[in-house]
Every structure is written in C-alpha cells, then in structure tokens.
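1. Structural data only, the sequence is not supplied:
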C-alpha cells in the first residue's frame, strides 16, 4: 500500500511504500523510499542485496553474525551507496543555530523532501511501551509532520511490527535529548531524499556478475554511478568473513552452539535468510517480465518459489525451537539448510545459463 503524497501548509507526508524486506530498519526504509518511485528504481535492490556475508567466528555479544554485504557494517553508508538518493549527516550543533529544537528541524527537512533518521531513547516515546528508563537507544525514521497537532510521522517496529505512528513534538524532543549521547551508527542526524542527478538503469550484466560472486563466495563489486567508477560494497575480508554460499557454514556453526549450550536461536539470521530468498524470487520475476531471461516459461520462477517456501519453513522451525527447545528440531533445521543450499546452488547456475547479455 502506497502512502499518498500530501503537502499543505500545515501538513506534509513524504511518499513511502511498504517493503517486503522487513529485515532491519535501514534496509526496509531504503527500499520503501525506492518503491514509492517506480518498480525500475526499486529494482536497484536486486543488484545491491544479492550478496551475503557472515562471520567465521560467532560474536560474543548481540552483534549480527549474518547480513547483506551492502549493510555489513549496519551503518547509514548503505544509503550513500544508492545512486538514487542524496544523503547527508547533520551535526547536532546545527539545531540551536537554525531552530529551537529537533522537532522544528525535522519539519524543515521534510518541507524540503528529506527523510530523517536519528537516535532516540525509546522510553520517552509511549508507543514503544518501554517501562523502565534505561539505555533503550534506537534509530527512528521520520517522514511527515502535522503542525495542527504538533506531531511527526515515524515508522518503526511499533507493537512488534513495522508500523507508521504519529508522535508528539515533545515526545521526540525528550527522546532525542536523552538518546543523542549514544550516536551509534547514525553519527548524528541523517537525512536523505530522492534525486534525479544520477542516471541509473538495471544492468543485467552487473546482475549476472553479482550472482556469480554469490556462487563463488566472493565479495561483491557494484558500479558507483556517483563517482563514475567501481568500488567495493561492504566487507571484503576473507580472513574473518564468509561470502555467498559459504555463509551457510555460519548457520551450522551457530546450530552447534545452540545444541551445545542449550540456548535460543537468533531468529534474525533465519528471518534475513528467508527475505534473501524472497528477494531472489522477486528479482527473477522482474528480469523475466523485462525479457532478460531467454527460453524460460516461468520454470525458474517456480523453482525459486520452492526455495523461498523452504526458507519460510526453516524460519518457522527456528521459531518453534525457541518455544520447545527440542534437539529433534535442530536436526530438522540442519536438514532444511542443506536442502535449501543444494537447491539454490542448482537453480542459480541454471539462472546464469539463461540470462541474456543484451541490455534492453
């Protein structure tokens, strides 16, 4: 569902469309902006989000062991890598020089078509339902304002699902003032907006190269339209990281730890793997409709759909393990991982053989 663009003197909502890739805030929000434009611009994710990376050794904290390589550092630099956006970091010291508080600054940015991400303390925003004042630091995404009600429109995991919600100016002010000391990966206030400055067109040769990098477990390189050259996306360190199919090794290592110490499964890993298979499925649908695949009668789409279905079963089994903690479920998870990896390896090679080299 697309949120319609409204711009009046007292109210403005920037365009945003629900993304099927509801993994992490930064990834979902970036795609939501692109989807609000058109399908061809949204297809940028089919190049940028093919490659995966994982850690060879499991982290000792709540850090991510598995992610899309473009977001390997989980920072806002991922937005800067998108040629369809222009992005800026805004230092906190700018606020007293230009306006009275963070809410007024947000209104100014939105008036100029900028989306906003900043760090807040969730305790001060009622919708989060945080009961104790502590270090509940979190990034929030703001894309609308209403001066009649003194509210800002944000999207986040409210009620455990990505939802839009109006929050008061006072709530945001208090949440920001009590959260800004934890800069985290945002580095102040981060703003972004669509731009037509750089031309971008889906490149089937680049897509093919990225699929081959995934198959061969190599870091991904995408063309940087902003600087007219190529540069690396994400991590490229083979010493400490896996890429592509090698990432399945991290899942098995993680399941060894789960079984050994009788701990819960990190559902984020299995959820992201499922969304990656959905992305591959959607990319095949896109390139088929745009005639980049030759001699295929939706056979590839059906095979990718089967893989996506298995990945959903994998995620549901991981969820089930966390509820019942049965070792038999761990064995099921291992078997499903091997099944998905084997099927994916076969169908990706078939995809490579059917891709056209012609740029339409």
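-> Cool, got the structure. Note that this is a predicted model, so its numbers are computed, not measured. Residues are numbered from 1 along each chain as shown.
2. C-alpha from now on. contacts and neighbour counts both.
-> Fine.
3. what helix or strand does the closest residue to residue 45 other than its chain neighbours sit in?
-> Excluding the flanking residues, the one nearest residue 45 by C-alpha to C-alpha, 6 or more residues apart in numbering is residue 31, at 7.3 Å. If you go by DSSP states H and E, residue 31 is part of helix 25-35.
4. what's the offset of the next helix-or-strand element following that helix from the middle of its chain?
-> Using DSSP H and E, the helix or strand that directly follows helix 25-35 along the chain is helix 39-42. Using C-alpha atoms, centre = their mean, to the nearest Å, the mean C-alpha position of helix 39-42 is found 16 Å from that of the whole chain.
5. What is the least confident helix or strand in the chain?
-> None of the helices or strands of the chain scores lower by mean pLDDT, DSSP states H and E than strand 2-3, at a mean of 43.
6. by contact count, what packs against the top helix by length along the chain?
-> Secondary structure of the chain per DSSP state H: the longest helix is helix 327-354. Packing partners of helix 327-354 (3 or more C-alpha pairs under 8 Å, 6 or more residues apart in numbering; DSSP states H and E): helix 204-215, helix 247-261, helix 299-324.
7. mean confidence for stretch 214-224?
-> Stretch 214-224 carries an average pLDDT of 76.
8. Quickly list the domain ranges of this structure.
-> 2-37+85-194, 238-354 (automatic domain parsing).
9. Give me the pLDDT value at residue 68.
-> At residue 68, pLDDT is 92.
10. separation between it and residue 293?
-> 25 Å (C-alpha to C-alpha, to the nearest Å).
11. In a helix, residue 116, correct?
-> No: per DSSP: H, G, I helix; E, B strand; the rest coil, residue 116 lies outside any helix segment and is strand.
12. Surely it touches residue 144?
-> No: counting by C-alpha atoms under 8 Å, residue 116 stays clear of residue 144, with 9.5 Å between them.
13. shared neighbours, these two?
-> residue 110 (C-alpha atoms under 8 Å, 6 or more residues apart in numbering).
14. who has more neighbours, the two?
-> Neighbour totals were compared for residue 116 and residue 144, and residue 144 leads with 28 against 25 (other C-alpha atoms under 10 Å).
15. Shouldn't that one be within a strand?
-> Yes: Residue 144 sits within a strand when classified using three-state DSSP.
16. pLDDT at it, what is it?
-> We have a pLDDT of 98 for residue 144.
17. Please name the bridge partners of the closest residue in space to it that isn't next to it in sequence.
-> Spatial nearest neighbour of residue 144, chain neighbours left out: residue 13 (4.1 Å); criterion: C-alpha to C-alpha, 6+ apart. Per DSSP bridges, the residues bridged to residue 13 are residue 6, residue 144.
18. count of neighbours near residue 324?
-> Residues lying near residue 324 (other C-alpha under 10 Å) number 10.
19. ok, now which ones touch residue 246?
-> With contact set as C-alpha under 8 Å, 6+ apart, residue 246 has these partners: residue 217.
20. For it, give its distance to residue 345.
-> Taken as C-alpha to C-alpha, the span from residue 246 to residue 345 is 11 Å.
21. so residue 110 touches residue 12, yeah?
-> Yes: with contact defined as C-alpha under 8 Å, residue 110 reaches residue 12; the gap is 7.4 Å.
22. what about those two, which has more around it?
-> Neighbour count, other C-alpha under 10 Å: between residue 110 and residue 12, residue 110 has more, with 24 against 21.
23. So which elements touch the helix or strand hosting that one?
-> Using DSSP H and E, residue 110 falls within helix 102-111. Packing partners of helix 102-111 (3+ C-alpha pairs under 8 Å, 6+ apart): strand 11-13, helix 95-98, strand 115-121, strand 137-146, helix 169-177.
24. Could you identify which of the domains of the chain has the lowest mean pLDDT?
-> Across these, domain 2-37+85-194 gives the lowest mean pLDDT, at a mean of 87.
25. quick one on the thing from earlier: how far away is the residue nearest to residue 144 from residue 105?
-> Using C-alpha to C-alpha, residue 13 is found at 15 Å from residue 105.
26. now do residue 15
-> 19 Å.
27. What of residue 98?
-> 8 Å.
28. Of these two, which one has the most company?
-> A direct count of neighbours by other C-alpha under 10 Å for residue 98 and residue 105 places residue 105 higher, at 17 against 11.
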